[in-house]
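Give me coordinates for this.
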Amino acid sequence: MEIYLSNSSGVPIYEQITRQIKGLIARGELREGEALPSMRLLAKELRISVITTKRAYEELERDGFIETVAGKGSFVAPRNLELVREDTLRRVEEKLAEAVQLARQGGITLDELYETLSILYGDE
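Model prediction:
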């Protein structure tokens, strides 16, 4: 499992871990029932605090992406495709809200923004 961290991104480390693991699960690169590295091992590999990996795993468990079994470790939870889709949609909405704000500040119309989105999405 490859996780890349950036100290300059402005995104907290635990959130970077959480997002990347969610992405791996959503893309099927981490499969249902697959074991995740222990919190200590992941912290050691990433050269970060165990507290940070613990927080990331807690977030993933709270959001239903992983299950933790005492004494055995953390595992990818059964895939709830609706949950994965909802998480992706939430993140897309956040980015689109930023784009809309930037467009308004720059005097870009909704039609221009829609056209740009259509081109980027590949509908043309």
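
and Thr68, what are its phi and psi?
When read as degrees, to the nearest 10, the backbone of Thr68 gives phi -110, psi 130.

actually Thr109, not the one I typed
phi -80, psi 160.

Same check on Ala35?
Ala35 adopts backbone torsions of phi -80, psi 140, taken as degrees, to the nearest 10.

Report the secondary structure state of the residue nearest to Ser9 when sequence neighbours are not counted.
Nearest residue to Ser9, sequence neighbours excluded (Cβ to Cβ, 6 or more residues apart in numbering): Gln16, at 7.0 Å. All C-beta atoms are positioned from the backbone trio N, CA, C, and that covers glycine. The local conformation at Gln16, judged by DSSP: H, G, I helix; E, B strand; the rest coil, is helix.

Could you list which residues are in contact with Gln16?
Residues near Gln16 by Cβ atoms under 8 Å, 6 or more residues apart in numbering: 3-6, 9.

Which elements pack onto the lowest-mean-pLDDT helix or strand in the chain?
Every helix and strand of the chain was ranked by mean pLDDT, DSSP states H and E. The lowest is helix 81-105, at a mean of 87. Contact here means 3 or more Cβ pairs under 8 Å, 6 or more residues apart in numbering; DSSP states H and E; on that basis helix 81-105 packs against helix 13-26, helix 110-121.
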